[in-house]
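*Asks:* Next comes the sequence, and after it the predicted model I'd like to discuss.
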Amino acid sequence: MLKLGGYGFLRFSIGLFPNASAFFAPFVYTICAFGVVYASMTTLQQVDLKKIIAYSSVGHMALVTIGLFSFNAQGILGSILLMISHGIVSGALFLCIGFLYERHGTRVIRYFSGLVQTMPIFSVCFIIFSLANFGLPGTSSFVGEFLIIAGCFQINSFVALICGLGMVLSAAYSLWLLNRLLFGNYKQTSISVTKDLTRFEFYILLPFIVMTFAFGVFPELLTNFLTVY
């Protein structure tokens with residue numbers, strides 16, 4: 001549903017009403033720059049695992065909107081790539097949270113700690129998707145975020161700086177979540193089920209892992225099919 005908003009801006013707002021889009025671009029920049037920082041700061045305050053992923057998605061969509069309204073090839077291409085990457089990474093993170101909820105019956109983060117000791121396969125998968133979520137180089141999100149900042153910098157360097165700050169904050173809450181969820185002392189009193197991912201669950205996540213690295217290392221797999229005018 002989040003990506004439908006970006007698609008609507010690209011196909012209808014910018015495509016059908018370019019003059020109106022250019023007129024409202026400064027307003028869109030202001031709202032999105034505020035949204036990037038606000039969503040990231042709000043994410044740091046959440047205690048529900050699913051809400052953390054959801055609020056981080058709001059920040060990413062603000063970056064997408066900034067890239068679309070930069071009205072240049074780099075920004076628009078970066079927005080499309082980030083939307084595709086977000087569909088992969090965010091979907092995989094929601095799956096991981098769902099696997100935890102099935103086992104433990106809760107998504108409250110204070111009940112989890114030290115999962116790397118009992119769920120190593122899950123921990124590796126979650127680390128990969130969390131690193132991709134804040135755009136680690138080599139993952140699919142990095143290409144899109146880099147192009148968005150490059151395109152935005154040509155139009156408004158201050159907004160590009162805010163986008164960079166948003167990426168730093170996304171790294172902060174992603175690393176905080178990893179440290180709080182996977183590392184530390186294992187809470188045996190709060191968690192009774194210690195079963196790692198089954199083979200079927202791992203096979204579900206495997207295509208997401210492959211696409212995360214494939215589109216990050218070889219972005220031409222996507223860019224060859226995308227033409228920005």
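*Replies:* Now that the structure is in, tell me what you want to look at. Since the structure is predicted, the reported quantities are computational estimates derived from the model, not experimental observations.
*Asks:* what about residue 218, how many residues close to it?
*Replies:* Residue 218: 12 surrounding residues under other CB atoms under 10 Å. Quick note: C-beta positions are derived from backbone N, CA and C, even for glycine.
*Asks:* try the one 3 residues further on
*Replies:* The tally of other residues near residue 221 (other CB under 10 Å) stands at 12.
*Asks:* who touches it in this structure?
*Replies:* Residue 221 is in contact with 214-215, counting by CB atoms under 8 Å, 6 or more residues apart in numbering.
*Asks:* Can you point out the buried residues in the helix or strand residue 3 falls within?
*Replies:* Here residue 3 sits within helix 2-8, counting by DSSP states H and E. Using 16 or more other CB atoms under 10 Å as the test for burial, helix 2-8 gives 2-3, 6.
*Asks:* And stretch 159-175, by the same measure?
*Replies:* Residues 159-160, 162-163, 166-167, 169-171, 173-174 are the ones in stretch 159-175 that count as buried (16+ other CB under 10 Å).
*Asks:* Now tabulate the residues you listed in TSV and tack on secondary structure, distance to residue 49 and pLDDT.
*Replies:* Listed next are the buried residues of stretch 159-175 as TSV, based on DSSP: H, G, I helix; E, B strand; the rest coil; distance: CB to CB, whole Å; pLDDT from 0 to 100:
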residue	secondary structure	distance to residue 49	pLDDT
159	helix	31	87
160	helix	31	87
162	helix	27	87
163	helix	26	84
166	helix	21	82
167	helix	21	83
169	helix	18	84
170	helix	16	84
171	helix	18	85
173	helix	12	84
174	helix	12	85
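*Asks:* so where's the longest helix in the protein?
*Replies:* Secondary structure assigned by DSSP state H gives helix 73-104 as the longest helix of the chain.
*Asks:* show me the contacts for the residue positioned nearest the centre of the chain.
*Replies:* Centroid check for the chain by CA atoms, centre = their mean gives residue 133 as the closest residue, at 3.9 Å. By CB under 8 Å, 6+ apart, the contact list for residue 133 reads 56, 89-90, 93, 141, 170, 174.
*Asks:* would residue 226 count as being in a helix?
*Replies:* No. In this structure, residue 226 is coil, not part of a helix, as judged by DSSP: H, G, I helix; E, B strand; the rest coil.
*Asks:* That one: what's it in contact with?
*Replies:* If a contact means CB under 8 Å, 6+ apart, then residue 226 has 77, 80-81 as its contacts.
*Asks:* Could you list the low-pLDDT ranges of the protein?
*Replies:* Counting by pLDDT under 70, the low-confidence segments of the chain come to 187-194, 227-229.
*Asks:* ok, and for the helix or strand harbouring residue 126, which residues are buried?
*Replies:* Element membership of residue 126 [criterion: DSSP H and E] is helix 120-133. With burial defined by 16+ other CB under 10 Å, the residues of helix 120-133 counted as buried are 122-123, 125-126, 128-133.
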